[in-house]
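Peer 1: only geometry, no sequence info:
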């Protein structure tokens, strides 16, 4: 009969049956033992080898830090502050541009962007200042309203620095003067002059007639949709009404642009308030002005970030308060010095320093920081405190009469595998996020998995160091928070302190007798020393495990799964630019005004490159490509739509395309004798002749790029996006696919990579559309790959073959319920939604794995209900507190100034509620019904891993005690020789249990000796 020596602390002595999957000696009916056939023996041995390796590494790290706590505290504090400081002042980069954050890497628009913006030779990119002037849907075609339009344009042009800024651009007007282009109804009057307007127009009817022609005063064409919103014409072609005036001023995108826009916005804001005051005094609203610019959006976007920065310290304060209160409960019933409030605050400090170290390291590596990275502190606090409560709960369950290093060793042996496993799953979830094509998601995941790993390292090193320092404070009888002040001892306190140490001594003595009464005494002692959360979970477990409650739980969760599965099928995509600005931002009203009072008409560019554009056959292909795109419903345009239909947007002129229009002009001129000479000119000579005309140059000059020899190197045509619902993500994705299909069939694009097409469709809106398109695909990939990855991790790292049978179905159910809950909350699929799903992969499974691992570690001699109850009393209490801290960590997000953080709040709220519900309600019920009867380890030992750690460390402790006599126990009752006791289980297994004296107070006896000890362990 095999006998193994398992070293345990005195308070933990009892023999239990172990089924490690390799072999088990079991008693048969005759009393003889027979070897049970292994269950997946090689796999079990391999997983237990990994299990033991992780446990050894964690225990060694914790003890190494615990033996020199001040060194670790000072060192880690310095390292964290140094990383965040140096990183911020060196490589910190804040990225706010949507295209940089959400445009999928490798997408076609991303590959075309650099060429369009910098390499193709078209005029430099301009920044548009957009004004909308409206009467809340009323007709604006009045002389009074038109005068205000002139005042708005003049306010912009009279702003200091306007002329100097325009000289840095490339636009040249009809008179050959370099200036800024102004697109407005004021263009019907020479040089946008108010005096000219007042001389020519004297009534509202004359104004409507003056604004009806298709040409401005300088002869350039007019697109009424670009200067009037939701306009209508009568049968004669005269305007009858419009809901808004639209003004667009194009300024160069240079270094001085922001300064100019800032001054201009102040002046326009003063003008707007002046108009509002006049309208209030007269009782008649003439015209209201809304303004939007790139600078204004960036300012509001930045304001949204700055407005929510205070939430981070608020989370820290809330966490400190909650954790301090819960940790203080461990000191109730003892002298005041034994309160753990300070240790709770230090636990939060541990997570804060891990956040500083992780983000500082990413700053140093040059990983950009974006607005969505702001959710990281809330994620780290939630995940980090889960491990804190698990470690603290296990530590406070150890015998308080033991030496602090022995208690830390026992604690880490118990929790090492559990916290390591959940950390691995969380890190792996964020590693999956690195596979995303969205840069913002990848950057967030880089910050997250780095910080979570550092947090894990700090949890097993820095937090135990804080525990050691806190125990020294208690031994020195110093006050909790005011640790520099001694505790005022009273006679009552001394009696309470003495009484608090007696149960453990009595229990240990009773256990050595091996009597039946010892078990009862020990259980009573354990009940008396349970913390408040453990007592709550004990009562909860008794209620949950009643037969009728189990049935009710299964029915309710079955109904929840059915409802959420249906709800998940209703998920839709939605994204609005206004979600990135504060709720109180004026830009929200501006965006609503543009949506309500303006036509949805947007010019879209079609580019041509790397071809001979003077070749008639190639020109025919170019025209055919433009015609094919115009055949799409969303890009179709009619020549004239006089009346409109029920106020729908109406387009009055076809968009300009130089190659098509030049062919039409050549055909018209060929029939006129006075233009017969044109037929004898080369195409380049014809082009030179045409562009010499001011009107032609105004229309087409910026769309043709030529080299020094006059040859065309690139060109573009324009289409109008007219018939599309910009609130419908599905409609935009559909147009993205249709235009791409048209481009793929063009002869000039055949055989070329998608980034090298000669004919392509490009607009900044494609950045949004590509993000919409990949979000759903990557969401599906994340869910499926997350389930597969968690299944594999559970199979490899949990040394029990039944783990997969619980993990996989439960995580699938959790995902379905989570997605259905988010749809019920009114959320839609977008980039932020996708990020929340990535985070959920690691967070949701944590609740399951902690409970499952703890169940496997309970004694298999107990019934399923007893094992579940023990699991809930120990690990369940820690999970409950961890879940509450996660919830508190995201509560401040509900008062965020942006809708983005509200989305994150609702998502995390769903994660916490569903995770706790499945981990503390459904999984315990399932385990109580079909949980495996065999166990994983005997308390803190197993044949491969835990026993080796315990035995090795105990031998090192014994060696040091023999070498250094001053290392003696403070407990006189255990200062004698070791006590050996044999205990046999009810099934005939025998285990020789060696009970060694508890360790005395550790003192430093040389760093080299300690390092040698750790290597041995």
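Peer 2: The structure has been received and is ready for your questions. All values derive from a computational prediction rather than experimental measurement.
Peer 1: so which helix or strand takes in residue 109?
Peer 2: Assigned by DSSP states H and E, residue 109 falls within helix 108-114.
Peer 1: name the next helix or strand downstream of that helix, please.
Peer 2: Helix 108-114 is succeeded, C-terminally, by strand 126-134 (DSSP H and E).
Peer 1: give the residue farthest from the middle of the chain.
Peer 2: Ranking residues of the chain by C-alpha distance from their mean position (C-alpha atoms, centre = their mean) puts residue 673 at the top, at 69.5 Å.
Peer 1: quick one: pLDDT of that one?
Peer 2: For residue 673, the pLDDT comes out at 71.
Peer 1: still on that earlier bit, what residues of the helix holding residue 109 count as buried?
Peer 2: Neighbour-count burial for helix 108-114, counted by 16 or more other C-beta atoms under 10 Å, picks out 108-113. C-beta coordinates here come from the backbone N, C-alpha and C atoms, glycine included.
Peer 1: want to throw those into CSV with pLDDT and distance to residue 618?
Peer 2: Formatted as CSV, those follow (pLDDT from 0 to 100; distance: C-beta to C-beta, whole Å):
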residue, pLDDT, distance to residue 618
108, 88, 22
109, 88, 24
110, 86, 27
111, 87, 23
112, 87, 20
113, 84, 25
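Peer 1: any idea how far residue 273 is from the residue nearest the centre of the chain?
Peer 2: The centre of the chain sits closest to residue 835, judged by C-alpha atoms, centre = their mean, with a distance of 4.2 Å. Residue 835 sits 40 Å away from residue 273, going by C-beta to C-beta, to the nearest Å.
Peer 1: now do residue 210
Peer 2: From residue 210 across to residue 273, the span is 30 Å (C-beta to C-beta).
Peer 1: with neighbour numbers in mind, choose between those two.
Peer 2: residue 210 (18 against 10; other C-beta atoms under 10 Å).
Peer 1: list the contacts of residue 96.
Peer 2: By C-beta atoms under 8 Å, 6 or more residues apart in numbering, residue 96 lies in contact with 298, 301-302, 370-371.
Peer 1: in helices, which of these fall?
Peer 2: Per DSSP state H, helices hold the following members of these: 298, 301-302.
Peer 1: which of those residues lies closest to residue 583?
Peer 2: Of all the ones in helices among the contacts of residue 96, residue 583 sits closest to residue 301, with 13.4 Å by C-beta to C-beta.
Peer 1: what about that closest one, neighbour count?
Peer 2: Around residue 301 there are 21 residues (other C-beta under 10 Å).
Peer 1: check contacts around it.
Peer 2: 96, 371, 580-581.
Peer 1: one more time with 10 Å
Peer 2: Counting by C-beta atoms under 10 Å, 6 or more residues apart in numbering, residue 301 touches 96-98, 371, 577, 580-582, 585, 587, 898.
Peer 1: before we move on, the earlier item: mind listing residues that contact the helix holding residue 109?
Peer 2: By C-beta under 10 Å, 6+ apart, the surrounding residues in contact with helix 108-114 are 99-100, 103-105, 107, 116, 120, 437, 439, 607, 609, 736, 740, 743, 753-757, 760-771.
Peer 1: let's see it at 8 Å
Peer 2: 99, 103-104, 607, 740, 754-755, 757, 760, 762, 766-767, 770.
Peer 1: now a PyMOL select for only the buried ones of the residues you listed.
Peer 2: Entered in PyMOL, the line below selects the buried ones among the contacts of helix 108-114, by 16+ other C-beta under 10 Å:
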select buried, resi 99+103+104+607+740+757+760+762+766+767+770
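Peer 1: in strands, which of the contacts of helix 108-114 fall?
Peer 2: 607, 760, 762 (DSSP state E).
Peer 1: is it true that the last one touches residue 607?
Peer 2: Spelled out, it's residue 762. Yes: counting by C-beta atoms under 8 Å, residue 607 is a contact partner of residue 762 at 5.8 Å.
Peer 1: need the residues touching each of these two.
Peer 2: Counting by C-beta under 8 Å, 6+ apart, the residues touching both residue 762 and residue 607 are 112, 116.
Peer 1: would CSV of the ones in strands among the contacts of helix 108-114 with pLDDT and distance to residue 342 be doable?
Peer 2: Below are these laid out as CSV (pLDDT from 0 to 100; distance: C-beta to C-beta, whole Å):
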residue, pLDDT, distance to residue 342
607, 93, 65
760, 93, 64
762, 89, 60
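Peer 1: closest one of those to residue 685?
Peer 2: Looking across these and measuring by C-beta to C-beta, the closest to residue 685 is residue 607, at 24.8 Å.
Peer 1: max-length helix in this structure?
Peer 2: helix 439-475.
Peer 1: show me what counts as buried in that helix.
Peer 2: 439-456, 458-471, 473-474.
Peer 1: follow-up on the earlier one: run the angle between whichever strand or helix holds the residue nearest to the centre of the chain and helix 439-475 for me.
Peer 2: Assigned by DSSP H and E, residue 835 belongs to helix 831-857. Comparing the axes of helix 831-857 and helix 439-475 via axes from the mean of the first three to the mean of the last three C-alpha atoms, to 10 degrees yields an angle of 40 degrees.
Peer 1: I'd like the mean pLDDT over helix 831-857, please.
Peer 2: Averaged across helix 831-857, pLDDT comes to 82.
Peer 1: and the helix or strand following it, what other elements does it pack with?
Peer 2: Next in sequence after helix 831-857, counting helices and strands by DSSP H and E, comes helix 864-871. Using 3 or more C-beta pairs under 8 Å, 6 or more residues apart in numbering; DSSP states H and E as the contact test, the elements touching helix 864-871 are helix 532-544, helix 831-857, helix 923-930.
Peer 1: what packs against the last one?
Peer 2: So that's helix 923-930. Helices and strands touching helix 923-930, by 3+ C-beta pairs under 8 Å, 6+ apart, are helix 532-544, helix 547-568, helix 803-824, helix 831-857, helix 864-871.
Peer 1: which among those is found nearest to residue 230?
Peer 2: That would be helix 831-857 among the helices and strands packed on helix 923-930, by C-beta to C-beta, at 31.2 Å.
Peer 1: you'd agree residue 149 is up against residue 185?
Peer 2: Yes: between residue 149 and residue 185 there is a contact under C-beta under 8 Å: 6.2 Å.
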